[in-house]
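Asker: Can you look at this prediction? I've put the sequence above it.
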Amino acid sequence: MKKIIFGLILILAASAVMAVPQYLNYQGVLRDNAGNLVTGTKTMTFKIFDEATGGSDKFSMTSSEVVSNGLYTVQLGPLGYAELGSGRRWLEVTVVSETLSPRLEILAVAYAVTAASAESAVKLGNYLPASSGASIIPVTDSSGKLSSSVIPTSGLNADTANTANIANYATLAGAATTAATATNAINATNATNANNANTVNHIPASTEALANQLLALDTNKQLKGMSVSAEATTSGGFAAFFNGRIGASVCVGTDSVPTGTAGVTISNSAVTSSSIILLTVGHGTTPETNASEALRIHDVQNNVGFTVKTVDGNNDSGSDIPFGYLIIN
């Protein structure tokens, strides 16, 4: 009985320059049952299987091989993806009528021959390259652009193109050619560049405090020339109504300017130089009936308080002047 001591599979270079090889070079050593090296010409069959034992053969080749001192070399092929691809493969050798065991597994280097189909692949992920049609990989034309036949136009019309809501497709409808760079502009009909648009959603920008304008902050991150929007009421017991949140800290209190004095000091650590202090003459059930006296804020000190005085600096009304105050930070 003859047996293989070892086998070696090598890639055999093909004749075409830079082409993927289609043959494997297989080299083995043949000995008889006594372990002696065999010499002579032997009929040998080579088969490639998809299992180490059993399975179905993917390739079969019979040839007469010259064995010299046990050594022989054979070219197996042509081989391709059908023979070597999609799973592991084993080589089985039969000398005359005796099949040698075990089969020899074909390792990774041999699988390079299956790359031949990649040189002229027709599909990529089951998609065909084409300039038009469904389920394709779009191909650019000679100018490097996609054909309009592969860009969806369903639901696109000149009205939507004129407002540049879909600026990327606007040129297909023959409109908004000046809005090519205005993809993110809501109203970019006449904008050649959205960075320089004069309006956003029809609202113009301005550096002055004008009505219905978009106003930018100054270098101090503040709005200039604008008044605080407040709304007076005639019922409900409120002196003023502010629409929205007016501060993280709001303090409310009451006091009075004693008769015959210039004013009264309010101690409140919440006061800062940025505080808004509002005064109401009279409070609760004690309205002020002396209209000749008015009050003002004086001497505001950070985290200390402030002073409330009469405008003329002397309460000569003959009675205390009650007031309420609101501190907004």
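Answerer: Great, that's in hand. Numbering: from 1, shown residues only.
Asker: Wait, a strand at residue 256?
Answerer: Yes. With DSSP: H, G, I helix; E, B strand; the rest coil as the criterion, residue 256 is part of a strand.
Asker: Could you check how far it is from residue 323?
Answerer: Taking Cβ to Cβ, to the nearest Å as the measure, residue 256 falls 6 Å from residue 323. (Each C-beta comes from the backbone N, C-alpha and C, glycine too.)
Asker: For residue 205, list the residues it contacts.
Answerer: The contact partners of residue 205, by Cβ atoms under 8 Å, 6 or more residues apart in numbering, come to 198-199, 213-216.
Asker: OK, contacts around the residue nearest to residue 66 when sequence neighbours are not counted?
Answerer: Take residue 66 and drop its neighbours on the chain: the residue closest to it by Cβ to Cβ, 6 or more residues apart in numbering is residue 41, 5.5 Å away. Residues near residue 41 by Cβ under 8 Å, 6+ apart: 64-67.
Asker: Next: residue 263.
Answerer: Neighbour list for residue 263: 257, 298, 307-310, 313, 315 [criterion: Cβ under 8 Å, 6+ apart].
Asker: Mark which of those are part of strands, please.
Answerer: 257, 298, 307-310 (DSSP state E).
Asker: buried set for the helix or strand where residue 64 lies?
Answerer: Taking DSSP states H and E as the criterion, residue 64 maps to strand 57-67. Neighbour-count burial for strand 57-67, counted by 16 or more other Cβ atoms under 10 Å, picks out 58-59, 65, 67.
Asker: so which of the residues you listed would you say is closest to residue 97?
Answerer: Distance to residue 97, by Cβ to Cβ, is smallest for residue 65 among the buried residues of strand 57-67, at 15.1 Å.
Asker: hang on, the earlier thing: more neighbours, residue 256 and residue 323?
Answerer: residue 323 (21 against 18; other Cβ atoms under 10 Å).
Asker: As CSV, the contacts of residue 41 with distance to residue 129 and pLDDT would be great.
Answerer: Shown next, in CSV, are these (distance: Cβ to Cβ, whole Å; pLDDT from 0 to 100):
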residue, distance to residue 129, pLDDT
64, 47, 96
65, 46, 95
66, 49, 95
67, 51, 95
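Asker: Please identify which of those is nearest to residue 271.
Answerer: For the contacts of residue 41, the nearest to residue 271 is residue 65 (106.1 Å; Cβ to Cβ).
Asker: My guess is the closest one contacts residue 72. True?
Answerer: Yes. With contact defined as Cβ atoms under 8 Å, residue 65 counts as touching residue 72 (4.8 Å).
Asker: Next, format the contacts of residue 205 as CSV and append secondary structure and neighbour count.
Answerer: Listed next are the contacts of residue 205 as CSV, based on DSSP: H, G, I helix; E, B strand; the rest coil; neighbours: other Cβ atoms under 10 Å:
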residue, secondary structure, neighbour count
198, coil, 9
199, strand, 16
213, coil, 13
214, strand, 11
215, strand, 15
216, coil, 9
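Asker: Pairing partners for residue 321 in the sheet, please.
Answerer: Beta-bridge partners of residue 321, counted by DSSP bridges, are residue 257.
Asker: typed the wrong thing, it's residue 214
Answerer: Beta-bridge partners of residue 214, as defined by DSSP bridges: residue 205.
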